[in-house]
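S.K.: Could you look at this predicted model? Sequence included:
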Amino acid sequence: MKRKPIVLLLMAFCILLCGCTAGRDHRPTAAEPTNQAQLSQAWERILSGISAEKLTQLGWYADDLRQEALELNSITFSNYDPTRAGAFLEVPFQCSITYAARDPLRPGSTEPVYAVFLSDNASDRYYACEHDSSLRLVTEEGEWFLAEEKGSYLKNTLENCRELLFGGKGGL
């Protein structure tokens, strides 16, 4: 099994999803923070509201949320502890859920985006998808490999992420 390529693919996906949007034609909406200071304040509000207890209940982990939010304008949770070497091998599949302030893959985007990446530890199968702020599917690729029905798993995962970040309401 090729674990290194899977990890590299996951890293590339996260970098693309959360990459810098500098230099792109971007027009903020009224509901969106218009400068980095406002965006930083919005992230601080989100970070202060994340419950460690809820994170634990969900079985989710995170590394340095503050640094990721302020530097990349995104937050990522996973189903394994990213601070422990080899922790991803202790779960049957890897799952990461990312919320980004803007979709860097779509120039001019003013919409926040949710991305879910699943990687099967027993094979080279993966599934990746992106949802808009209304949790509507925008793109997907790969093969669904979990026994749980895709729609209900993704809905539950995205709603849990939204609840954790915003108390179930809105976005940045």
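M.R.: Perfect, I can see it now.
S.K.: Every contact and neighbour count from this point should use C-alpha atoms.
M.R.: Noted.
S.K.: per-residue pLDDT, the nearest residue to His131 once chain neighbours are set aside?
M.R.: Nearest non-adjacent residue to His131, counting by Cα to Cα, 6 or more residues apart in numbering: Leu137, 4.4 Å away. As predicted, Leu137 sits at a pLDDT of 96.
S.K.: thinking Leu89 is in contact with Asn121, fair?
M.R.: Yes: look at Leu89 against Asn121 with Cα atoms under 8 Å: they come within range, at 7.0 Å.
S.K.: Neighbour count for these two, which is higher?
M.R.: Asn121 (19 against 13; other Cα atoms under 10 Å).
S.K.: and the gap between that one and His131?
M.R.: 24 Å (Cα to Cα, to the nearest Å).
S.K.: And Tyr114, by the same measure?
M.R.: From Tyr114 to His131 the distance is 5 Å (Cα to Cα).
S.K.: Between these two, which is the more surrounded one?
M.R.: Tyr114 (29 against 20).
S.K.: helix/strand/coil for that one?
M.R.: Reducing the assignment at Tyr114 to three states with DSSP: H, G, I helix; E, B strand; the rest coil gives strand.
S.K.: contacting residues around it?
M.R.: Ile97, Thr98, Tyr99, Ala100, Glu130, His131, Asp132, Ser133, Leu135, Leu158 (Cα atoms under 8 Å, 6 or more residues apart in numbering).
S.K.: Skipping adjacent residues, who's closest to it in space?
M.R.: Tyr99 (4.6 Å).
S.K.: which strand residues sit across from that neighbour in the sheet?
M.R.: Note on Tyr99: beta-bridge partners Ile75, Tyr114, judged by DSSP bridges.
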